[in-house]
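pasted the sequence and its predicted model underneath.
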Protein chains: 2
Amino acid sequence: MNEQLSMRVESLPNLREQVVERLRLAIATGRFKPGARLVERELCEMMGVSRTSLREALRELQADGLITAQPNRGLSVSVISRKEAEGIYQVRTVLEGLAARLFARNATDRELKALRRSIDRLEAVYADFTAESFIAAKSEFYDILLNGAGNETASAMLLRIHTRVSQLRVVSLSSAERAERSIAELREFLSALEARDEDRAWSLCIQHVENAAKAALAALN
Amino acid sequence: MNEQLSMRVESLPNLREQVVERLRLAIATGRFKPGARLVERELCEMMGVSRTSLREALRELQADGLITAQPNRGLSVSVISRKEAEGIYQVRTVLEGLAARLFARNATDRELKALRRSIDRLEAVYADFTAESFIAAKSEFYDILLNGAGNETASAMLLRIHTRVSQLRVVSLSSAERAERSIAELREFLSALEARDEDRAWSLCIQHVENAAKAALAALN
DNA sequence: ATCGTAAGTCTGTATGACAAACATACGACG
DNA sequence: CGTCGTATGTTTGTCATACAGACTTACGAT
């Protein structure tokens, strides 16, 4: 968590985790479209790893709900129905609301500043938009928020949720048009955090997510 | 979800999932204690499966946070610190609050009745307590609640949370003494659901979880 | 007592194998 | 012409085996 003096030589995650990350990104950015079949041997060749490692990685993504298995028929990228999308945003709302409250309560001033800078970067990304850079900026923002909140269980769950939300966003293309409004909401949210106003932070956060949900769901059908 | 006419001959989950379930139960009931090392070969022999299947199962439990990996040193049952326990209960609070609200809104009368019966069974279990039967009764209760709520994402997350809560409960032995109080709370909760009073159901549910948290955390340290 | 080395353990990863489930194509038969 | 059955190929689910590298333990030398 706290990197201390960061004497680490190299923190290379094992092969499987690299595979997980790459697949997660491919799904989040829409390179693997919802419903696409995932054939093990193809993925092995594509990523240059053995079936052993690949399959373990797939189990992880499956546990996250990102991919779906039909017994004896293999895996495919999860298709998100309207109803599921609503459910995902409901969960995101309560978890992010919790995180907001905890951040307001627990975060250091350092973390507050980092969050502000992160919003700046997010704004910059909107100007020159790509799915990858947007996801990178967004996940930096959440890294800071969730770290500051100090609830690892919530963090882990939101990490999973966010991949699915990215997937939805790609489909609905809902981020571009909401850009300005979204940044404005985040800045207001930030001001509540800076004032250490838990309730206001909570309510602004919830509203932010619900607006995002509205935009994404509207595009869905 | 809805079993329709349930014409299925046999719904045998594949080997890996059986392994997952068995391990999950072993951890939930405290048969595998927090901190215990999990040596792959031992588990293979114990369960009569190959390393391949076992390792895939372990990945799943790892994604759930039930077991923890130290690089190159293997896996062990996650130790839950006081702080993590608090975090787990915070998450459980908001997610179960959501589920309560949704159940009050969406559940059928059938599901309401099933929930009532399930509370009866839970009460019976308290009389003749074993970790296994308690967990079985509790997970039946939640199956009904979560199904009625109709949010699969929330269901999946709470399933994970509950295993960890069981683990905590075993350690703290907090269920026995809270039995009567807990049942009373559930019955009041039920009455709110029957009245379709979302807000009251939400608030009673949250209070129930917070009481449970208090009991468990008090025993923790 | 400290250090260095050797032997053993376990993980991380790869390979090859095979039965069972499933899909596809093809041909036979009504 | 359409239906059915069979043959063929593909893919998953599972297993056995192998081996390098990280780590642990024991032992012996200094």
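It's in. Note that this is a predicted model, so its numbers are computed, not measured.

please name the bridge partners of residue A:69.
For residue A:69, the beta-bridge partners are residue A:75 (DSSP bridges).

touching, it and residue A:78? I think so.
No - at 10.0 Å, residue A:69 does not count as touching residue A:78 under the criterion of CB atoms under 8 Å. Placement of C-beta: from N, CA and C, glycine included.

more neighbours: which of the two?
Per other CB atoms under 10 Å in any protein chain shown, whichever of residue A:69 and residue A:78 has more neighbours is residue A:78, with 19 against 15.

next, the contact list for that one, please.
Contacts for residue A:78 were tallied using CB atoms under 8 Å, 6 or more residues apart in numbering or on different chains; they are A:34, A:65, A:66, A:67, A:68, A:164.

need the residues of chain A near DNA strand C, please.
With CB under 7 Å from any atom of the strand as the criterion, chain A comes near DNA strand C at residues A:14, A:15, A:16, A:48, A:49, A:50, A:51, A:52, A:53, A:71, A:72, A:73.

out of those, which are inside strands?
The strands, defined by DSSP state E, take in nothing from these.

what's the ChimeraX line that selects buried ones from those?
Selection of buried members from the residues of chain A next to DNA strand C for ChimeraX, criterion 16 or more other CB atoms under 10 Å in any protein chain shown:
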select /A:15,16,49,53
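
output the residues of chain A next to DNA strand C as TSV; include the columns pLDDT.
Converted to TSV, these look like this (pLDDT from 0 to 100):
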residue	pLDDT
A:14	87
A:15	93
A:16	93
A:48	95
A:49	96
A:50	96
A:51	96
A:52	96
A:53	96
A:71	77
A:72	77
A:73	82
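
chain B next: which of the residues of chain A next to DNA strand C are close?
Contacts with chain B within those, counted by CB under 8 Å from any CB of the partner chain: A:14, A:16, A:52, A:71.

wait, the third one touches residue B:52, no?
Yes - shown here, residue A:52 and residue B:52 form a contact pair, counting by CB under 8 Å, at 6.9 Å.

including pLDDT, could the contacts of residue A:78 go into JSON lines?
Putting the contacts of residue A:78 into JSON lines (pLDDT from 0 to 100) gives the following:
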{"residue": "A:34", "pLDDT": "93"}
{"residue": "A:65", "pLDDT": "93"}
{"residue": "A:66", "pLDDT": "95"}
{"residue": "A:67", "pLDDT": "95"}
{"residue": "A:68", "pLDDT": "94"}
{"residue": "A:164", "pLDDT": "94"}
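
make a markdown table from those and add secondary structure, neighbour count and distance to DNA strand D to it.
What follows is those, written out as a markdown table (DSSP: H, G, I helix; E, B strand; the rest coil; neighbours: other CB atoms under 10 Å in any protein chain shown; distance: CB to the nearest atom of the strand, whole Å):
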| residue | secondary structure | neighbour count | distance to DNA strand D |
| --- | --- | --- | --- |
| A:34 | coil | 16 | 17 |
| A:65 | coil | 19 | 16 |
| A:66 | coil | 22 | 16 |
| A:67 | strand | 21 | 11 |
| A:68 | strand | 16 | 11 |
| A:164 | helix | 23 | 22 |
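
distance to residue B:149 added to those, as JSON lines?
Below are the contacts of residue A:78 laid out as JSON lines (distance: CB to CB, whole Å):
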{"residue": "A:34", "distance to residue B:149": "24"}
{"residue": "A:65", "distance to residue B:149": "17"}
{"residue": "A:66", "distance to residue B:149": "22"}
{"residue": "A:67", "distance to residue B:149": "24"}
{"residue": "A:68", "distance to residue B:149": "21"}
{"residue": "A:164", "distance to residue B:149": "18"}
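
and chain B, which of those residues reach it?
Under the cut-off given by CB under 8 Å from any CB, chain B has residue A:65 from these close to it.

which one of the contacts of residue A:78 is nearest to DNA strand C?
DNA strand C lies nearest to residue A:68 out of these, by CB to the nearest atom of the strand, at 14.6 Å.

how close does the closest one get to residue A:81?
Distance of residue A:68 to residue A:81, given as CB to CB, to the nearest Å: 12 Å.

and residue A:35, by the same measure?
Separation of residue A:35 from residue A:81 (CB to CB): 11 Å.

surely residue A:91 and residue B:155 touch.
No - Residue A:91 lies out of contact with residue B:155 (CB under 8 Å); the separation is 9.8 Å.

who has more neighbours out of the two?
Using other CB under 10 Å, the more surrounded residue of residue A:91 and residue B:155 is residue A:91, with 27 against 19.

OK, contacts around that one?
Residue A:91 touches A:157, A:161, B:95, B:98, B:151, B:153, B:154, B:157, counting by CB under 8 Å, 6+ apart.

the spatially most central residue of chain A: which element?
Note on chain A: the residue nearest the mean C-alpha position is residue A:162, at 2.6 Å, using CA atoms, centre = their mean. Taking DSSP states H and E as the definition, residue A:162 sits inside helix A:152-172.
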